[in-house]
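Engineer: Fold the stuff below for me.
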Amino acid sequence: MKPKARPSSESTVRLAVLGHGGRDSVHEVADRIRSIVKEVPRLKIICEDFSAESSLEYLDADLALVLGGDGTVLRVSRRMGQNPTPILGVNLGRLGFLTEISPESLSLALEDLARGDYRIDELMTLECRLYRDGRPEPDLVLRALNDVVLRAAPPFKLLDIDLLIDGRPAARYRSDGLIIATAAGSTAHNLSAGGPILCPEALMVVITPIAPHTLTQRPLVDDARKTYRLSIEGPNTPTVLVVDGHEDLPIFPSDIVEVVRGQPSLPVVRTSASHFYGNLSEKLGWGSYLPGDRGGRN
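Structural biologist: Just a heads-up that it's a prediction; the model follows:
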């Protein structure tokens with residue numbers, strides 16, 4: 001699918017306003033956006049969608065303002081399918097690494113859009129396929145923006161997970177599960193499992209075991225152009241495949257989970273109010289001094 005063209009700096013920027021209609025804060029911020037847009041030249045709201053399931057694949061807008069948390073962005077990206085509209089996330093959740101703009105920064109961000117003072121970054125996605133009895137399951141091709149996770153299901157016994165990279169054995173992980181995350185998803189489940197933080201636009205994946213049984217099994221950062229295959233060895237321990245925290249598919253010992261770089265990528269809008277490293281410092285305390293730390297050597 002051909003990517004949508006960016007509007008010129010002289011043309012009107014057509015906006016879609018999207019979010020979860022069940023939250024009062026979404027409607028409050030949407031009202032504020034309408035008020036600001038009335039006062040800002042070259043901006044026009046052409047549609048609003050506060051439903052949960054309708055398709056957004058053929059959204060007739062230049063940019064989409066997504067109101068909510070990172071989970072809302074993940075749901076919207078799935079609904080956009082193979083024809084995504086560039087997203088500017090407005091954070092109404094907690095951490096919000098996919099929703100960088102705060103409600104307090106809305107006026108500044110919308111003025112940037114009107115001036116054309118923004119850029120569009122492409123966030124890499126993952127495509128996940130399931131092979132059963134040696135054959136691909138055509139109805140089980142899943143797309144992830146954050147991560148693909150193979151993990152134990154109740155009663156939560158340790159798994160032996162074999163990882164092949166480009167067809168060659170790489171490791172056997174004895175752990176509660178294994179995460180393959182995009183760079184954008186590195187601040188999600190991967191981070192909570194002890195994995196590293198990657199710059200969101202990096203064309204890399206990070207492979208992180210969940211609670212590994214040995215200290216030598218550490219996270220691995222690798223090239224996203226490779227093919228990753230996961231399989232479960234040993235007895236039929238209950239196992240599930242989770243994609244962006246959404247799908248929850250049972251996996252059996254004969255199954256193979258294949259993960260490759262996905263197409264298309266997800267375009268996201270960056271304005272002067274966007275600051276990934278500032279978000280790390282503000283939301284995670286990254287790089288900050290601890291209380292009582294003088295910042296020098298004794």
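Engineer: looking at it, residue 264 is touching residue 84, isn't it?
Structural biologist: Yes - taking contacts as Cβ atoms under 8 Å, residue 264 lies within contact range of residue 84: 6.2 Å. Any C-beta I mention is one placed from the backbone N, CA and C, and that applies to glycine too.
Engineer: Of those two, which one has the most company?
Structural biologist: Each of residue 264 and residue 84 has its neighbours counted (other Cβ atoms under 10 Å); residue 84 has more, 27 against 16.
Engineer: Now do stretch 262-271: distance to the chain's middle.
Structural biologist: Remark: stretch 262-271 is offset 10 Å from the chain centroid, using Cα atoms, centre = their mean, to the nearest Å.
Engineer: Residues contacting that stretch, please?
Structural biologist: With contact meaning Cβ atoms under 8 Å, 6 or more residues apart in numbering, stretch 262-271 is reached by 1, 3-4, 63, 77, 80, 82-89, 98, 100-101, 108-109, 112-113, 117-127, 143-145.
Engineer: out of these, which are buried?
Structural biologist: 4, 63, 77, 80, 84-89, 98, 100-101, 109, 112-113, 118, 121, 123-126, 143-145 (16 or more other Cβ atoms under 10 Å).
Engineer: which helices and strands sit right next to the longest helix anywhere in the chain?
Structural biologist: Secondary structure assigned by DSSP state H gives helix 24-39 as the longest helix of the chain. Contact here means 3 or more Cβ pairs under 8 Å, 6 or more residues apart in numbering; DSSP states H and E; on that basis helix 24-39 packs against strand 13-19, strand 43-49, strand 63-68, helix 106-115.
Engineer: quick one: contacts for the residue lying closest to residue 265 once chain neighbours are set aside?
Structural biologist: Leaving aside its sequence neighbours, residue 265 sits nearest to residue 122 (Cβ to Cβ, 6 or more residues apart in numbering; 4.0 Å). By Cβ under 8 Å, 6+ apart, the residues touching residue 122 are 201, 265, 266, 267, 268.
Engineer: at 10 Å what do you get?
Structural biologist: The neighbours of residue 122, taking Cβ atoms under 10 Å, 6 or more residues apart in numbering as the test, are 3, 84, 86, 201, 203, 264, 265, 266, 267, 268.
Engineer: next one: residue 251
Structural biologist: 130, 132, 150-151, 153, 159, 230-232, 237-241, 257.
Engineer: Read off the pLDDT value for it.
Structural biologist: On pLDDT, residue 251 comes in at 94.
Engineer: again with residue 9
Structural biologist: Predicted confidence (pLDDT) for residue 9: 59.
Engineer: same check, this time on the one 10 residues further on
Structural biologist: Turning to residue 19, the model gives it a pLDDT of 92.
Engineer: ok, now how distant is the residue lying closest to it once chain neighbours are set aside from residue 261?
Structural biologist: Using Cβ to Cβ, 6+ apart and skipping the chain neighbours, the partner closest in space to residue 19 is residue 67 (3.5 Å). With distances taken as Cβ to Cβ, to the nearest Å, residue 67 is found 29 Å from residue 261.
Engineer: These two: which is more packed in?
Structural biologist: When neighbours are counted by other Cβ under 10 Å, residue 67 and residue 261 differ, and residue 67 comes out ahead with 31 against 18.
Engineer: pretty sure that one contacts residue 24?
Structural biologist: No - in this structure, residue 67 sits apart from residue 24 without contact. The criterion is Cβ atoms under 10 Å, and the distance is 11.5 Å.
Engineer: Okay, buried residues for stretch 36-52 please.
Structural biologist: Within stretch 36-52, the residues that qualify as buried by neighbour count (16+ other Cβ under 10 Å) are 36, 37, 43, 45, 48, 49, 50.
Engineer: just checking, residue 280 touches residue 100?
Structural biologist: No - in this structure, residue 280 is not within contact of residue 100 by Cβ under 10 Å, at 11.2 Å.
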